[in-house]
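In: A predicted structure for the sequence below; I have some questions about it.
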Amino acid sequence: MAFDIAQFLRTNKTLAIWAAFFGLVWLANFYGLFGLVFITYILCFLFNGPIHALAVKTKLPRTLWATLVYIVFVSVALTLVSSVLPKLGSESTSFLKKLPDTLETLRGHLDNWAWLAPDMAAPIAKIKDYLSIEALVGVKAQTLFTIAVNSFNQISTYVSTFLLGTLFSFLIMLDFPNLRAKTISLRESRLRDIYDVTARSVVRFAVVVGMGFRAQMLIAAVNTILTAIGMHILGIEPVMLLSTVVFFCGLIPVLGTFISSAPIVLVAVNTTGPHHALWAIVMIIIVHTIETYILNPRIVAAMFKISPLVTLMILYVGHKLFGLWGMVLGVPVSVFIFRYVILGNDLQQCLPGEKSAHCRPADDKAKAGHGEK
């Protein structure tokens, strides 16, 4: 009996639609377009609410507020880039040149500790074996410096991608109501099967990712400010470079804390000695205690309230499968899959703090259910 692909697709319509959707996502990632798509989406998610609120409150056209918001945003972004990048480049170059000396200084302090405490000589010797650039990152010092310089030289590519994503999101925001109406009209077109299968899930998936990433950005920003203040008080330089590392690592839950703390401690050891490094560790602990017990419960709420062990497992698998994007998006994607795919929570139920015409709060749903009984 011959295989009939048309009959197979009709029989497995839902499976085929989702396979095509994830195939498009894979193609975007394969051809390097995922970053552009993600930046465009995040900017739309961040600005749509304020633009809509301003338009409703002032009764002025939405296009006017969209233009003003993006003018302010681009002006601030370009000002920061033009003022921060030169200093960031010089600080990065200086840090990489001093890194071998920093590690050598730390090994010297470990030798002193081993002499003062002979019983600790064996474990200290093993620690010293890992305190080399080649052991830490897998390449020699000169190779690491070359890689860093080449990466920094590609900054124009990153900036152009960011500006292009900003342009795309601006064009979407200018005509968002019309685009939304045309998207909804697909339910009456020949694509209604695709719309019925994917629309609600894709929208909820996008909301979960957007809200999770927005919360993580806010937490990373607060962590960066507090850490920068602490480094300034302790006299740890370069503040600009280390603060930048803290911010971007802060977008990675749990694991980012350890990644961003290592260079701060290394610099503290090299500049003022191990006792100052202990104060740096105390400062880092205080900052992340504030994050754990104040910021996370208030900002992330139920979104990321999962075990740190589960988070680390998600980050590891995400990194193995999808690299950096897997680490950044692994947690919100896993939250969506667990709550709305595996547990089967109602896709129309609002998330904490979400207001949308497409969803209804959990308490309303409960009342409706009670009324039906």
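Out: Perfect, I can see it now.
In: Now do the helices in the stretch 251-373 of the chain.
Out: 255-272, 274-290, 308-322, 324-336, 362-372 (DSSP state H, counting those that start in this stretch).
In: For these, which has the smallest mean pLDDT value?
Out: Looking at those, the lowest mean pLDDT belongs to helix 362-372 (a mean of 46).
In: if I pick residue 73, what's in contact with it?
Out: When contacts are counted by C-beta atoms under 8 Å, 6 or more residues apart in numbering, residue 73 touches 47, 166. Quick note: C-beta positions are derived from backbone N, CA and C, even for glycine.
In: now residue 318
Out: Per C-beta under 8 Å, 6+ apart, neighbours of residue 318: 325, 326, 327, 329, 330, 333.
In: where exactly do the helices run in the stretch 101-250 of the chain?
Out: Going by DSSP H, counting those that start in this stretch, the stretch 101-250 of the chain shows helices at 121-130, 133-137, 141-153, 155-174, 176-184, 192-234, 239-250.
In: between those helices, which one is nearest to residue 287?
Out: Closest of the helices of the stretch 101-250 of the chain to residue 287 is helix 192-234, at 4.7 Å (criterion: C-beta to C-beta).
In: tell me the angle that closest one makes with helix 324-336.
Out: In terms of direction (axes from the mean of the first three to the mean of the last three C-alpha atoms, to 10 degrees), helix 192-234 departs from helix 324-336 by 120 degrees.
In: so what secondary structure elements neighbour helix 192-234?
Out: helix 13-30, helix 34-58, helix 239-250, helix 255-272, helix 274-290, helix 324-336 (3 or more C-beta pairs under 8 Å, 6 or more residues apart in numbering; DSSP states H and E).
In: Recalculate using a threshold of 6 Å.
Out: helix 13-30, helix 239-250, helix 274-290, helix 324-336 (3 or more C-beta pairs under 6 Å, 6 or more residues apart in numbering; DSSP states H and E).
In: In TSV: those, plus distance to residue 186 and mean neighbour count.
Out: Below are the helices and strands packed on helix 192-234 laid out as TSV (distance: least, C-beta to C-beta, whole Å; neighbours: other C-beta atoms under 10 Å):
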stretch	distance to residue 186	mean neighbour count
helix 13-30	13	13
helix 239-250	37	20
helix 274-290	46	16
helix 324-336	22	20
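In: Which of the ones you listed sits closest to residue 95?
Out: helix 239-250 (5.9 Å).
In: How about residues contacting the closest one?
Out: Contacts to helix 239-250, defined as C-beta atoms under 6 Å, 6 or more residues apart in numbering, come from residues 87-88, 91-92, 95, 220, 223-224, 227-228, 231, 256, 259-260, 264.
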